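Asks: Got a sequence here, can you build the structure:
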Amino acid sequence: MPWQTSPPERSSTRPAVGAAATRSVAARWIRPDLRERLALPLAALTGAPLLLFAFGPGLPAACALMAAGTFGLGYELVVQRRLVDAVPEEIRGQAIGLYGSGLMTGQAAGIGAAGALGEAVAPGQVMALCGAATLVACLCLHRPLRRGVWRVRPARSQHATEAATSARGSGRRRPA
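Replies: Next comes the predicted model:
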């Protein structure tokens, strides 16, 4: 029967279920203003537990560390809300599609890099390095994750772009 799966299939769905549950809890029980302030700590929480894999935890501890990391995925709600707020409504669907495609591409690249690194380094060390890379990315993104609103310049219409280009070429000043 389709709902009866083997143990490996069930275990491979647990991170996705944990991520969905975490997002639901964050959306329902954490106020939006508090979620905004917690974006950076939540993002860091996705990688910080992975650092402990360097010490070779047993299976129960490894499962607990992975579960702790999924609690940080609530930061994605902040990023998605900012994207929706920053993008004009007429292209919002395209922007969300591009966001999703970029996210999946980045995840695939990260998994591929971790797999390649796993050929040379012990798995626990690879997990710890992935956690460190996550924390470095959080440090690099600390300003956007702390900022309340992203600023996006409105796109120029084709007519405005052509007018600005022809004004530059003719030496005239373009109208404000």
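Asks: Helices along the chain, start to end?
Replies: 7-29, 32-45, 59-70, 75-86, 92-118, 123-140, 142-146, 158-170 (DSSP state H).
Asks: what's the closest non-adjacent residue to the residue nearest the centre of the chain?
Replies: The centroid of the chain falls nearest to E76 when counting by Cα atoms, centre = their mean (5.6 Å). Spatial nearest neighbour of E76, excluding adjacent residues (Cβ to Cβ, 6 or more residues apart in numbering): R23 at 6.8 Å. Yep, even glycine has a C-beta here, placed from its N, CA and C like the rest.
Asks: contacting residues for P60?
Replies: Contacts for P60 (Cβ atoms under 8 Å, 6 or more residues apart in numbering) come out as none.
Asks: ok, so what distance separates it from M66?
Replies: Distance from P60 to M66, counting by Cβ to Cβ, to the nearest Å: 11 Å.
Asks: Output the below-cut-off pLDDT ranges for this protein.
Replies: Scanning the chain for pLDDT under 70 picks out the ranges 1-18, 147-176.
Asks: go again using 90 as the cut-off
Replies: For the chain, applying pLDDT under 90 flags the ranges 1-42, 60, 63-64, 66-86, 103, 107, 141-176.
Asks: Kindly provide the distance from C140 to A109.
Replies: 17 Å.
Asks: Neighbours of the residue lying closest to A54 once chain neighbours are set aside, how many?
Replies: In space, and not counting its chain neighbours, A54 is closest to A128: 3.7 Å by Cβ to Cβ, 6+ apart. Residues lying near A128 (other Cβ atoms under 10 Å) number 20.
Asks: if I read this right, C130 contacts P49, doesn't it?
Replies: No - counting by Cβ atoms under 8 Å, P49 is not a contact partner of C130; they are 10.9 Å apart.
Asks: Among these two, which residue is more densely surrounded?
Replies: Between C130 and P49, P49 has the larger neighbour count (other Cβ under 10 Å), namely 22 against 19.
Asks: From what I see, that one and A68 are in contact.
Replies: Yes - between P49 and A68 there is a contact under Cβ under 8 Å: 4.4 Å.
Asks: and for those two, which residues touch both?
Replies: Residues within reach of P49 and of A68 at once, by Cβ under 8 Å, 6+ apart: there are none.
Asks: Next, work out how far apart A122 and A68 are.
Replies: To A68, A122 is 21 Å away according to Cβ to Cβ.
Asks: Please apply the same query to A128.
Replies: Distance from A128 to A68, by Cβ to Cβ: 14 Å.
Asks: Looking at A122 and A68, which one has more neighbours?
Replies: A direct count of neighbours by other Cβ under 10 Å for A122 and A68 places A68 higher, at 15 against 12.
Asks: show me what contacts that one?
Replies: 45, 49.
Asks: Likewise for the one 10 residues further on?
Replies: Residues counted as contacts of V78 (Cβ under 8 Å, 6+ apart) are 35-36, 38-39, 42, 145.
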